[in-house]
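Enquirer: Next one to model:
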Amino acid sequence: MTREELTQNIYDIMKNKLELPTLSSFQEHARLNEDLYMDSIMILQLLLHVELDLGLSVPDEVLSPKDFHTVGTLIDFLERLQNVEENA
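Expert: As a prediction, this is how the structure comes out:
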């Protein structure tokens, strides 16, 4: 998936699965906690949908809080996961 496709998929999950009411703030620089008002449970739900809907495996040992600071850092993280799976 391209970065744009990943971004659109994350937006769709937040809109349709999590029903996030703050999506007017959605952009690469939007902070998940402060701008989109996502708590840790919502972020875990997002990761579950990433695994189920996008088919990306998210091992617990690679999770780092810095990857969940903004939409952009989340997309960077997912791109790294995608590259690891493609090269495995």
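
Enquirer: Okay, buried residues for the strand or helix carrying residue 72 please.
Expert: In the assignment (DSSP states H and E), residue 72 maps to helix 71-87. Across helix 71-87, burial judged by 16 or more other CB atoms under 10 Å covers 71, 73-78, 81-82. Just so you know, the C-beta spots here come from the backbone N, C-alpha and C atoms, and that holds for glycine as well.

Enquirer: Need the contact partners of it.
Expert: 1, 3, 6-7, 10, 26-30, 32, 36, 50, 54, 56-58, 62, 66-68 (CB atoms under 8 Å, 6 or more residues apart in numbering).

Enquirer: Same check on stretch 39-59?
Expert: For stretch 39-59, the surrounding residues in contact (CB under 8 Å, 6+ apart) are 1, 6, 9-10, 13-14, 17-18, 20, 32-33, 38, 68, 78, 81-82, 85.

Enquirer: hang on, the earlier thing: of the contacts of helix 71-87, select the buried ones using a ChimeraX command.
Expert: Only the buried members of the contacts of helix 71-87 end up in this ChimeraX selection, burial being decided by 16+ other CB under 10 Å:
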select :6,7,10,26,30,32,36,50,54,56,67,68
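
Enquirer: Let's see which of the contacts of helix 71-87 end up in helices.
Expert: Of the contacts of helix 71-87, the ones assigned to helices by DSSP state H are 3, 6-7, 10, 50, 54.

Enquirer: If I follow the layout properly, residue 25 ends up in contact with residue 36?
Expert: Yes - under the criterion of CB atoms under 8 Å, residue 25 makes contact with residue 36 at 5.8 Å.

Enquirer: Report the central residue of this structure.
Expert: residue 74 (4.8 Å; CA atoms, centre = their mean).

Enquirer: Quick check: residue 23 vs residue 86, distance?
Expert: 29 Å (CB to CB, to the nearest Å).

Enquirer: swap in residue 61?
Expert: According to CB to CB, residue 61 stands 19 Å off from residue 86.

Enquirer: Alright, I will stop here.
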